[in-house]
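have a look at this fold, sequence not included:
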């Protein structure tokens, strides 16, 4: 593909030679002649000088004249958002196969007589689909996946190998679930008994996952005790995430790996949780909240649009002030010891002396 055609595709402006042949996309550090790459973060602009790529997607912020003079053989395509433009080119040069390569229904799949599987769905080897299930058009269910009784998988959804969707749970359209994830396992509910043992609380609810959600590998989303555990439209979950029973994750929220959300907590729209964040149960997180990695949130966040960090999580500016103060603590303790010693010496010198009687 000519670079001039790529510029039209991403609505960009060429600086340099537009007749260059582009064969592939690549990272800026690894690109070879014939590749196109991108620069979205100016921290990596040093690679513009060393890359072997034939072209680079850049934003207007890059000082193009400086680099154009040093790399005369390199062409640039100026776009509003280099990262998003590059994502579009990935799909152009490396399109994903429909259903990730899965076609038809494998003869080893076990499908209950009452299950409704659309003719355009694809079912892999050793898949088990229970009674009363519904599998929508264009859905692709890969090897070893189990769909429990009465569960639903929507149109064009993609379930990779060894996913479990337990009974009654509902998966929307264009949902992607990666390997090893379990949807609808029992919530963690046990009532203490007088003799010190525990009685299991029945978990009779379901999990509802709305459209355009992506869930990483080895996540667990527990079914509600009663009602629904709800994952909103456009939510993105990384690998190794635990979502407790009756949790609500509202639309377009993103959560990074190894995070946990305890039961009955509600997370608002467009929130962002870093890796290893922990949210205690029965709290609410306001929309557009950002929570930094390894933070622990023990109470509700009611004001939207704030950034929190630390354990316990506080507004990030307050946390940074506390961290700065803690860094000075050893020196302050030394000063306290020194002042304490000086006070003690002063007290000794001011004590009245006993007068001996003759």
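Happy to help now that I have it. Just so we're clear, the structure is a prediction, and the values are computed from it rather than from any experiment.

quick one, helices of the stretch 1-150 of the chain?
For the stretch 1-150 of the chain, the helices defined by DSSP state H, counting those that start in this stretch occupy 3-9, 47-50, 64-70, 82-93.

which other helices and strands does the second one contact?
Okay, so that is helix 47-50. helix 64-70 (3 or more Cβ pairs under 8 Å, 6 or more residues apart in numbering; DSSP states H and E). For glycine as for every other residue, the C-beta is placed from the backbone atoms N, C-alpha and C.

residue ranges of each domain in the chain, please.
3-93, 100-317, 321-353 (automatic domain parsing).

dump those domains to CSV, plus mean pLDDT.
Output for the domains of the chain, formatted as CSV (pLDDT from 0 to 100):
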stretch, mean pLDDT
domain 3-93, 90
domain 100-317, 97
domain 321-353, 87
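
ranking those domains by mean neighbour count, which comes first?
domain 100-317 (a mean of 19; mean count of other Cβ atoms under 10 Å).

okay, the helices of the stretch 1-150 of the chain in a markdown table with distance to residue 17 next?
Formatted as a markdown table, the helices of the stretch 1-150 of the chain follow (distance: least, Cβ to Cβ, whole Å):
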| stretch | distance to residue 17 |
| --- | --- |
| helix 3-9 | 7 |
| helix 47-50 | 16 |
| helix 64-70 | 11 |
| helix 82-93 | 18 |
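
which of those helices sits closest to residue 26?
Ranking these by proximity to residue 26 (Cβ to Cβ) places helix 82-93 first, at 9.7 Å.

who touches that closest one?
1, 6, 9-10, 12, 24-25, 36-40, 57-59, 77, 79 (Cβ atoms under 8 Å, 6 or more residues apart in numbering).

now, these that are in strands?
Those of those mapping onto strands are 24, 25, 36, 37, 38, 57, 58, 77, per DSSP state E.

nearest to residue 165 among the residues you listed?
Compare each of those with residue 165 using Cβ to Cβ and the shortest gap goes to residue 25, at 34.0 Å.

the closest one and residue 322: what is the separation?
Residue 25 is 44 Å from residue 322, where distance means Cβ to Cβ, to the nearest Å.

over to residue 65?
The gap separating residue 65 from residue 322 is 45 Å, by Cβ to Cβ.

what do you get for residue 248?
Note on residue 248: its distance to residue 322, by Cβ to Cβ, is 31 Å.

just residue 105 next, same as before
Residue 105 sits at a distance of 59 Å from residue 322 (criterion: Cβ to Cβ).

same check on residue 287?
Residue 287 sits 26 Å away from residue 322, going by Cβ to Cβ.

show me the longest helix that occurs in the protein.
helix 329-350 (DSSP state H).

give the contact list for the spatially closest residue to residue 15 that is not a sequence neighbour.
Leaving aside its sequence neighbours, residue 15 sits nearest to residue 76 (Cβ to Cβ, 6 or more residues apart in numbering; 4.3 Å). Applying Cβ under 8 Å, 6+ apart to residue 76 gives the contacts 14, 15, 16, 55, 56, 57, 58, 62, 64, 67, 68.

one more time with 7 Å
The contact partners of residue 76, taken as Cβ atoms under 7 Å, 6 or more residues apart in numbering, are 15, 16, 55, 56, 58, 64.

do the same with residue 18
Contacts for residue 18 (Cβ under 7 Å, 6+ apart) come out as 3, 4, 7.

also residue 116?
Residues near residue 116 by Cβ under 7 Å, 6+ apart: residue 134.

try it again at 8 Å.
Going by Cβ under 8 Å, 6+ apart, residue 116 touches 133, 134, 135.

against residue 36, how distant is the closest residue to residue 166 other than its chain neighbours?
Excluding its sequence neighbours, the residue lying closest to residue 166 (Cβ to Cβ, 6+ apart) is residue 184, at 3.1 Å. Between residue 184 and residue 36 the distance is 43 Å, computed by Cβ to Cβ.

ok, residue 188 next?
Taken as Cβ to Cβ, the span from residue 188 to residue 36 is 49 Å.

again, but for residue 48
As judged by Cβ to Cβ, residue 48 and residue 36 stand 13 Å apart.

so what sits against both of the two?
With contacts defined as Cβ under 8 Å, 6+ apart, the residues shared by residue 48 and residue 36 are residue 56.

could I get the contacting residues of the closest residue to residue 254 other than its chain neighbours?
Closest residue to residue 254 apart from its sequence neighbours, by Cβ to Cβ, 6+ apart: residue 236 at 4.5 Å. Applying Cβ under 8 Å, 6+ apart to residue 236 gives the contacts 213, 214, 253, 254, 255.

quick one: which of those sit in helices?
Short answer: the contacts of residue 236 have none in helices (DSSP H).

and which of those residues is nearest to residue 157?
Set against residue 157, the nearest of these by Cβ to Cβ is residue 213 (9.2 Å).

list the contacts of that closest one.
Going by Cβ under 8 Å, 6+ apart, residue 213 touches 172, 175, 176, 231, 232, 233, 234, 235, 236, 237.

distance to residue 224 for those - can I get that in TSV?
Output for these, formatted as TSV (distance: Cβ to Cβ, whole Å):
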residue	distance to residue 224
172	17
175	19
176	23
231	12
232	15
233	19
234	21
235	17
236	22
237	17
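
need the max-distance pair from those.
Pairwise distances across those (Cβ to Cβ) peak at 15.4 Å, for the pair 176 and 232.

sorry, back to before: ok, so of the contacts of residue 236, who is nearest residue 294?
Closest to residue 294, out of all of the contacts of residue 236 and judged by Cβ to Cβ, is residue 255, at 13.5 Å.

tell me where the stretch 201-350 of the chain has helices.
Under DSSP H, counting those that start in this stretch, the stretch 201-350 of the chain gives helices at 316-327, 329-350.
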